[in-house]
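S.K.: give me the fold of what follows.
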Amino acid sequence: MSKDLLENEIVKLRIIELEYTYRNAFDTTDKVKLDQAKVDFEADVRRIYLEETRQYLPDHIEIYPSSELIKYNDDLPEDIRQSGYDGTAIYVSDPDNQINQVHIISQGSVGTEDWLDNFFNIFLGIDGKQLDATRVFVNKVNSKVPDNEDLLTFALGHSKAFNNNLMVQLTEGIFEAVYGVNGAQVGITQIIEMDQRLREHLENKFGANFSSVPINDLRRAIIEYYDNKGVTDNIIHRISEDDPLYGVSGIGNFVLFGFDEAMLIDTHPEVKGLRTIIDQFDEADVRKIQQFLRQYRDDYQLNGPEGFLKAMTGIDIELINQFIEAEGWKESVAIGWNNFDDLMTMINTVVEKIPSFLAIANVVVDNADTIIDGLLENGYIDQKTSEKLRTEIESIKLNLEKIETNIDHLENLGPNQEGIAIALMLDIYDNVMESWDSLNVIHEELADALDLIESGHKIEPILNQLAEETGVSYSGGDLHYGGSRSSDQEIKWNITSVVRLYQKGLAKLEEMEESIQKYGNQYEGEINEDFDLKNQALQRQIDYMEENPSLFQNDFSLYFANRNYAYGLGKLVKIDVQEEMPTPALPEHELITKELKAQTTVYRNYLTHVREKVEELFEEEYNVSQLFDFQMGG
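M.R.: Residues are numbered from 1 along each chain as shown. Next up is the predicted model:
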């Protein structure tokens, strides 16, 4: 049985990061473009492997994008095709060395849809279609490879992709190993709802109503169940201490698989991460929020965020906006009359639902000082920003109190007071919008902190931290070597870029040399050789005329004014052509090709000089000549 060819962690991280960059290239139904993207991706995978290991991958590699097997596969159900799942499989085969393995790279969070999926699927336990799509993709790939006998399947993923891969491993155990980086951990509600056998196990252990079981007991039971199932042995999770997903993973809703303190790494020493802040939250408060929001998960699935908000509060934003946009009281009255039943339904629903929503909103607001103090203490914000944040939080608190007061008034209205009810609803809406404005200000004040938090979720800082003592670094997917210092600034060489430019320059140079050769051949064939051939044909015609003058007497008679007079002169017995055939003034192509070849020699010498200088700097330590000799794609 062969080992994991991508066992080098830096290789794993760089290939996961690389796969993100091919998202658009793979998203096509154009076979020519897709095939070229596969070629380019394979070349980049081979390059990364060589850069990190100085070894070559086997000759036989096949690339399977999810766009081909899932998104644009008309044989699959629509919900799987449109799940938002993206991933790429790398199949590697070398029968002589017993290598037969596939590496599934599931793609993590890249857009709003993915982050909403993170929240609702993991935190609230809503069934996610991306999880089903992950399972389908793995099965499609395994059935597609030329040889699936003794096939080893490895999973790699970042962010939500780790959660998808991990859930598939826990429920089905189909991966030889699962590697994740800054991954979203498994939510307790999520795994219980997705795994029927686990749910039955917990019911047998704790009874049918095990939701009241203490979180820590439930977590231990879940871990023990999967450990005994034998699906957790090869789960590896590399985590930045500054990753926001790690920051929230300490609350009771999550179960940590593949977690090892040794795999934690501090990528941003200037801050202390979010974990110590989130850990201060009361788990009872977290449960309250979960239980409240979970009531409306179906509304989110069916109608999106706006439907989710309407279900929680009863506020019909579309109807309220009609009143806000009305021009004058007459139009407002008309809107109220035309939408009377909907308006009364909304008012009754708001009176019923808002109190529970306010209770949860107050729980969140009551924890705001803890968050602000933590952000200040951990280095994310300064004192001035913290004061601005507290001002906006106080504004939100005041608006929540006003909403509560208006709800009390609504509840105590008598018959025939619809006008007052509408006025109160508009006040509530104004309070909501003022709170929304405060949230926007908070978002603006936290812009720098959010950028720093987002950076903690990325792969590149982990790469650079892992490589800190090796003299190499990474930026934009490229490998950099540290060089000498200038003005106290370390000079870094983008070796990937240098090699890429060298090879592209070499390829262009070879194209130039080929074009020069074609030019010389074409000149010889179409100019010189053509002139020689025509010259020879003309000479043969002259020789023929001189040898057979009588055959041309009639032709020559045409040059005389009187034909009969020409015949009267006698018989034409001799033709003597005094030939002289000068060529047109054409440039000497040998001089042109010589000059062009001289230019290519200059270019080649320049490229060779660049290579030699880079090798002089880094060959002893990094063996860069092997990189220059490798043929990249693209």
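S.K.: tell me which helix or strand comes right after whichever helix or strand His409 is part of.
M.R.: Under the criterion of DSSP states H and E, His409 resides in helix 383-411. Next along the chain after helix 383-411, taking DSSP H and E as the criterion, comes helix 418-445.
S.K.: any idea which helix or strand comes after that next one?
M.R.: helix 447-455.
S.K.: following element in sequence after that following helix, please.
M.R.: Heading C-terminal from helix 447-455 (DSSP H and E), you reach helix 460-466.
S.K.: show me what that following helix is packed against.
M.R.: Helix 460-466 is packed against helix 9-21, strand 235-240, strand 264-265, strand 472-475, with contacts defined by 3 or more C-beta pairs under 8 Å, 6 or more residues apart in numbering; DSSP states H and E. The C-beta positions use only the backbone N, C-alpha and C, and glycine is treated the same way.
S.K.: looking at these, which one is packed in the most?
M.R.: Most buried of these by mean neighbour count (mean count of other C-beta atoms under 10 Å) is strand 235-240; its value is a mean of 22.
S.K.: partners of whichever strand or helix holds Ser93 in the sheet?
M.R.: For Ser93, the enclosing helix or strand under DSSP H and E is strand 87-94. When pairing is defined by DSSP bridges, strand 87-94 lines up against strand 60-65 (antiparallel), strand 99-106 (antiparallel).
S.K.: format the ones you listed as CSV; extra columns: mean pLDDT and distance to Asp4.
M.R.: Converted to CSV, the strands paired with strand 87-94 look like this (pLDDT from 0 to 100; distance: least, C-beta to C-beta, whole Å):
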stretch, mean pLDDT, distance to Asp4
strand 60-65, 97, 15
strand 99-106, 96, 7
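S.K.: what's the most buried one of those?
M.R.: The stretch of the strands paired with strand 87-94 with the highest mean neighbour count (mean count of other C-beta under 10 Å) is strand 99-106, at a mean of 24.
S.K.: would you mind giving the helices and strands packed on helix 460-466 as JSON lines with mean pLDDT and distance to Glu224 added?
M.R.: JSON lines is the format used below for those (pLDDT from 0 to 100; distance: least, C-beta to C-beta, whole Å):
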{"stretch": "helix 9-21", "mean pLDDT": "97", "distance to Glu224": "28"}
{"stretch": "strand 235-240", "mean pLDDT": "96", "distance to Glu224": "15"}
{"stretch": "strand 264-265", "mean pLDDT": "94", "distance to Glu224": "23"}
{"stretch": "strand 472-475", "mean pLDDT": "93", "distance to Glu224": "39"}
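S.K.: redo the ones you listed as a markdown table? Include distance to Ile174.
M.R.: Shown next, in a markdown table, are the helices and strands packed on helix 460-466 (distance: least, C-beta to C-beta, whole Å):
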| stretch | distance to Ile174 |
| --- | --- |
| helix 9-21 | 19 |
| strand 235-240 | 13 |
| strand 264-265 | 28 |
| strand 472-475 | 31 |
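S.K.: to Glu434, which of those lies closest?
M.R.: strand 235-240 (36.9 Å; C-beta to C-beta).
S.K.: contacts for that closest one next, please.
M.R.: Applying C-beta atoms under 8 Å, 6 or more residues apart in numbering, the contact partners of strand 235-240 are 9, 13, 162, 166, 169, 177-183, 246, 256-260, 263-268, 456-457, 461-462, 465.
S.K.: just checking, next helix/strand downstream of that strand?
M.R.: helix 244-248.
S.K.: run the chain-centre distance for the helix or strand just after that following helix.
M.R.: Counting by DSSP H and E, the next helix or strand C-terminal to helix 244-248 is strand 254-255. Offset of strand 254-255 from its chain centre (C-alpha atoms, centre = their mean, to the nearest Å): 26 Å.
S.K.: average model confidence for strand 254-255?
M.R.: The average pLDDT for strand 254-255 rounds to 88.
S.K.: output the below-cut-off pLDDT ranges for the stretch 251-400 of the chain.
M.R.: Within the stretch 251-400 of the chain, the segments meeting pLDDT under 70 span 252, 305, 329.
S.K.: quick one, strands of the stretch 451-600 of the chain?
M.R.: Using DSSP state E, counting those that start in this stretch, the strands of the stretch 451-600 of the chain run over 472-475, 478-486, 489-494.
S.K.: partners of the first one in the sheet?
M.R.: The one in question is strand 472-475. strand 478-486 (antiparallel).
S.K.: for the record, mean pLDDT for the strand it pairs with?
M.R.: Mean predicted lDDT for strand 478-486 stands at 74.
S.K.: show me the domain layout of this protein.
M.R.: For the chain, automatic domain parsing gives the domain ranges 9-281, 285-366+382-445, 496-629.
S.K.: most tightly surrounded among those domains?
M.R.: Comparing the domains of the chain by mean count of other C-beta under 10 Å gives domain 9-281 as most buried, with a mean of 19.
S.K.: rewinding a little: the helix holding His409 packs against which elements?
M.R.: helix 340-366, helix 368-377, helix 418-445.
S.K.: ok, now how distant is Leu607 from Glu513?
M.R.: Here Leu607 is placed at a distance of 13 Å from Glu513 (C-beta to C-beta, to the nearest Å).
S.K.: show me how far the helix or strand harbouring Gln190 is from its chain's centre.
M.R.: Take DSSP H and E as the rule and Gln190 turns out to sit in helix 188-194. Mean C-alpha position of helix 188-194 versus that of the full chain (C-alpha atoms, centre = their mean) differs by 27 Å.
S.K.: tell me the mean pLDDT for that helix?
M.R.: pLDDT averaged over helix 188-194 gives 87.
S.K.: convert the helix or strand following it to CSV, retaining C-alpha atoms only.
M.R.: Next helix or strand after helix 188-194 toward the C-terminus (DSSP H and E): helix 196-206. C-alpha atoms of helix 196-206 as CSV (Å, rounded to 0.1, in the frame of the first residue of the first chain):
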residue,chain,number,x,y,z
GLN,A,196,-29.2,8.7,12.0
ARG,A,197,-27.0,6.0,13.6
LEU,A,198,-25.3,8.5,15.9
ARG,A,199,-28.8,9.8,17.0
GLU,A,200,-29.9,6.2,17.8
HIS,A,201,-26.7,5.6,19.8
LEU,A,202,-27.3,8.8,21.8
GLU,A,203,-31.0,7.9,22.4
ASN,A,204,-29.9,4.5,23.7
LYS,A,205,-27.3,6.1,25.9
PHE,A,206,-29.2,9.1,27.3
